Each structure stands twice: as C-alpha cells, then as structure tokens.
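[1] Need coordinates for the below:
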Amino acid sequence: MNSVVSATIETALKCSARWTLLLVMAVPAAADSQGVPDQEWQTFASYSDVGYDQPQRPQFHFTSRKNWLNDPNGMVWYAGEYHLFFQHNPLSNKSANKSWGHAVSSDMLHWKQLPHAILPYGEGMVYSGTAVVDHNNVLGKQVGGIRTIVAFFTHAKRPFKQVAAFSTDKGRTFTLLNDGKAVVENQGLNETERDPKVFWHQASGQWVMVLWLKKARRDGPDALGKVRFFTSKNLVDWSPASDLDREWVYECMDLVQLPVDGDPDFKKWLLYDASFDYEIGDFDGTSFSSDGYVGTGDLGPVLYAGQTFNNSPDGRAVMIGWLRKRQNSLFEKNGMPFNQQMSFPTTLELRRTPQGIRLFRQPIEEIEQLYMKTHVFKGMRAQKATEAMASIQHDLLDISMSLDMSSAGRVELDVNGNRIQYDKETGLFSVNQDLQVPIALRGSCFKLRLLMDRTSLEAFINEGEAVVTDYLQNPRAGHDLGLAVRMDGDAEIDSLVVHQLKSIWTGLDK
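    The predicted model follows:
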C-alpha cells in the first residue's frame, strides 16, 4: 500500500463555483473493506457546490459542508491555526466509511474545511485519535522550518491497532508512518481497542499515550473497564507504563492538566472519557492517582467524545465534542446535505467548591466576536422583561440571566418556541419537559447562560458548574421566534443580557 494516505491537493482554487483538483501522487486502486477503490475516498472536490445557508444548518457550530461527521480528532494548534480533524464519511451522510475530515481556524469560530486528511487503507477504516507537534523533530521528518504534525489513530481492521501518520505541510497532507504498521499492537484484551490520546508530559520529559482497552461488564472477576498508559521518547517505540481499572471508562479518553482556581502553582489532572464521566487527580508521567470523585461534565444526552487542543498557544484547555443524534436526526429528516454537528468550544476549568475540586465549563471568550446586538435588562419583574424583549426576533442567541430564587419557586424562559425551566422545589432543570436533570443551587442565586443555535441548546448553570447540552425540539421555529420570562412569586430578575449573534459562515454561504 502506498504510504500516501490522502492524495496531495496541489491546486484547489474556487472558480465559477467549482474546484480544480490536481493529484500529485496517485494511489493504487486496491479496494478497502467497503469495496471502494482507495482513490475514490478523496471526494472533497464535490463539496464546493454546497453552501452553509440551509434552514437547518447550525450557524455558530461546526458542521461539514456535506456528509456525516462524528468524533473530533487530532485537535492541535500550530503556526496560528487550530486544526479540527473529525470522523467523517466522505461518501454519504450516513455513519460509515470512517476517515479523518479536516478544518482549520484562527479563532476556533470561523472554520475553513480542507480536503479529507487521512483516508481508509489496507481494508480498514480510520478511527479516532489525536495529533501532536513534533517540536524536537524526534521522528526526523521535518522539512525546512515547518514542524511535523504527527497524528495517532486506530486502524479499524480487527484486531484493531494504533498507527501513526505525519504531515510536513501544516496538516494539509499526511504520510503513513512505517507504511501503516502498528506503533502499538493490539493488547489482547479487546479486538476493538481504540482512540489513542497522545501528549507531551513536560515533568517527565516524554510522550504519553492514553488508550482505552476494555469496557466494564456487569459482573465477574474481570468486570472493570481498563485504560492503559504508554510512554515514548521518540513517538515510535511505546512501552506500557500502567493500567487504570474503572467502571466508567469507555473510549475516546482525554487527560489534561489544569490549574485549580487559576493558580499556576496548584494543578490537577482531569481524566475523562467519551461520555464525559471524569475523575480529578495526579499524573506523574506513568500512572494516574485519583482524588476519588467521579463526576459528569455534561448532563445532557448528546455531547460525546470531547477532546482538547494539544499545543494550546495560551495555556487554555479548550474542548470540542460531537453532538450525537444517530437515529432520525433533524438534519436527515429535513434532507440536509450534512449530518451531525460539533459543540461550541468551551474552556475546562477546575475550581474549589464546598464538596471538593470540581470541573467547570464556559464558552470561549471569542464568542464575543459574533455579537451583533446586545440587550440589557436589570431589576425587572417577569412581565415587564417579557414586554421589553418582544422586539428580539433572532435565532442565534447568547443569553445570560441571574436572579435570586429566595422569593421565586420556579423560573421559565421561553426562547424561540423552546421552554427552559428551573424548579427550586424539585431541584430539576428541564428543557421542553423532555429532558430533566437535577441541579443544586449554591445559596439562593440562580445563574443561567444559554447558547441557542438553530438546532441546539447549551445551558451553563451556576457559572458552568453544571452544563446541559441537547438538540432543540423546535429548531428555527419561524413565527415562534421570540423570548418570554415567567416566574412564581414576586421576584425580580437581577440581570438579563441577550446577545444576538452573527453567523460564522458569512462569506462562505451561497
């Protein structure tokens, strides 16, 4: 098999709504497990006739121009660009034929999709993984002054193995390392071991790989799930370092070091999986020791497989996840050319609470670049606030509300036909009555921030101590556009701020 994973795109200039494609290196026509000749996976030239202006297209969340996406992969920053690779079907909007799609951004808001980066080979699909910058050129592949980006991923041919590919042109094209042979062979616990997370551990001076090996079972002597840590000095030779056995671990692991309360001299490590169960503890480069608490980073049903950017330029840990809706997605039901979307980027922060150190999440501050009009309401009762908001007719919103619940049993916020409610007596936060999750207040203050796109809602409660992400029942509800507030009792809204947002696709839509 030729080591070139995706054919190099020499020219991709938009002209009269068409893309010109020049294949610099041909790929042999060996068929993969789906019966598709290798050269037919690079379908990006056909994407140019699809814009971002469909009624159900999210307007400030990433979607592929067309076709299916799921897990974010290989998130890394290099030379002024954030790279978002992602699980992608280059042939249809169904979940199949997994490759790595690719997009870049200077601000994590405005994304430019590039030709598919890593394509199926050797009768196996290209599953999830991570990417790093080889700053010290330990692979010896660097060309000129451009650092090598190295991607690690699962080659999904049973038994699965972990492989690598490298790019010497800022992630535009990749070449398989060692012709696609394993850098980590299957460990023998599960035919589908997968999703390597690789990062540089500064304190021990080595590369670390976190790999999910086995899902927990209901009972038995070997019922716990397993994660294995590996270490390497050269990104090629990997040695097992330790195992972690837990009930909760399942695929797409991430491990990131974070300051507690912003203190650079007091840091902890956050370990989490695809479903965003997490533990906080310490990591010495070979093994993880937990503080003992198992939390959940998102209480909604759709956020999955979140990953943070490696090589962050400013020290922030920024995560993007997949908002999954496999069956009867509104995109598919409405005939959209794409399927599935990503979450909005959020910062991961650790803070002390009376119960211990906990994870907090907030939208990245870059969202302020999208503000086009802001409405501020203070010291109002619900009816007056509703009347004041009557003129706001917009489907892209960033809303922040703060109120004292001591004299209010319940607060409801209707946004474009969707009802968001918190009931103090039951302690339940609900979205359209379908999704209900318990939320504990700290004192009597209730703080809520909502990001509302055409298709999704992300609710950050109590400054992001609890987060609820879901798809909307009434996306872009037409005549239902509008905002209203209702409250029990005689309470006043301390503050209500509504930002109307611009689309991130301006200039790219047709």
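[2] what helices or strands is the helix or strand in which residue 71 is found leaning on?
    Using DSSP states H and E, residue 71 sits in strand 67-78. In this structure, strand 67-78 makes packing contacts with strand 81-88, strand 99-105, strand 125-134, strand 148-156, strand 303-308, strand 318-323, strand 338-339, strand 341-342, judged by 3 or more Cβ pairs under 8 Å, 6 or more residues apart in numbering; DSSP states H and E. Placement of C-beta: from N, CA and C, glycine included.
[3] can you list these in CSV and add distance to residue 259 and mean pLDDT?
    Written out in CSV, the entries for the helices and strands packed on strand 67-78 read as follows (distance: least, Cβ to Cβ, whole Å; pLDDT from 0 to 100):
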stretch, distance to residue 259, mean pLDDT
strand 81-88, 21, 99
strand 99-105, 25, 98
strand 125-134, 22, 98
strand 148-156, 27, 98
strand 303-308, 14, 98
strand 318-323, 14, 99
strand 338-339, 37, 98
strand 341-342, 26, 98
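[4] closest to residue 68 out of these?
    Closest approach to residue 68 among these (Cβ to Cβ): strand 338-339, 4.7 Å.
[5] how far is that closest one from where the chain is centred?
    16 Å (Cα atoms, centre = their mean, to the nearest Å).
[6] Also stretch 161-174?
    Here the centre of stretch 161-174 is set off from its chain's centre by 20 Å, with Cα atoms, centre = their mean.
[7] before we move on, what about stretch 251-260?
    A distance of 13 Å separates the C-alpha centroid of stretch 251-260 from that of its chain, computed with Cα atoms, centre = their mean.
[8] For the remainder of this discussion, apply numbering that starts at 47.
    All right, first residue 47 from here; so that's stretch 297-306.
[9] quick one: average pLDDT of that stretch?
    In this model, stretch 297-306 has an average pLDDT of 98.
[10] What are the buried residues along the lengthiest helix in the chain?
    Ranked by residue count under DSSP state H, the longest helix found in the chain is helix 428-434. Of the residues in helix 428-434, those buried under the neighbour-count criterion (16 or more other Cβ atoms under 10 Å) are 428, 431-432, 434.
[11] Tell me which other helices or strands that helix touches.
    Contacts defined by 3+ Cβ pairs under 8 Å, 6+ apart place helix 428-434 against strand 417-426, strand 529-533, strand 539-547.
[12] Distance to residue 334, mean neighbour count and mean pLDDT added to those strands, as CSV?
    Rendered in CSV, the data for the helices and strands packed on helix 428-434 read as follows (distance: least, Cβ to Cβ, whole Å; neighbours: other Cβ atoms under 10 Å; pLDDT from 0 to 100):
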stretch, distance to residue 334, mean neighbour count, mean pLDDT
strand 417-426, 40, 13, 96
strand 529-533, 45, 20, 94
strand 539-547, 39, 19, 97
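[13] Reformat those strands as JSON lines; add distance to residue 462.
    What follows is these, written out as JSON lines (distance: least, Cβ to Cβ, whole Å):
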{"stretch": "strand 417-426", "distance to residue 462": "15"}
{"stretch": "strand 529-533", "distance to residue 462": "8"}
{"stretch": "strand 539-547", "distance to residue 462": "12"}
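[14] Out of these, which gets nearest to residue 327?
    Across these, the minimum distance to residue 327, taken as Cβ to Cβ, is reached by strand 539-547, at 36.6 Å.
[15] picking up where we left off before, any idea of the mean pLDDT in the strand holding residue 117?
    Averaging pLDDT along strand 113-124 gives 98.
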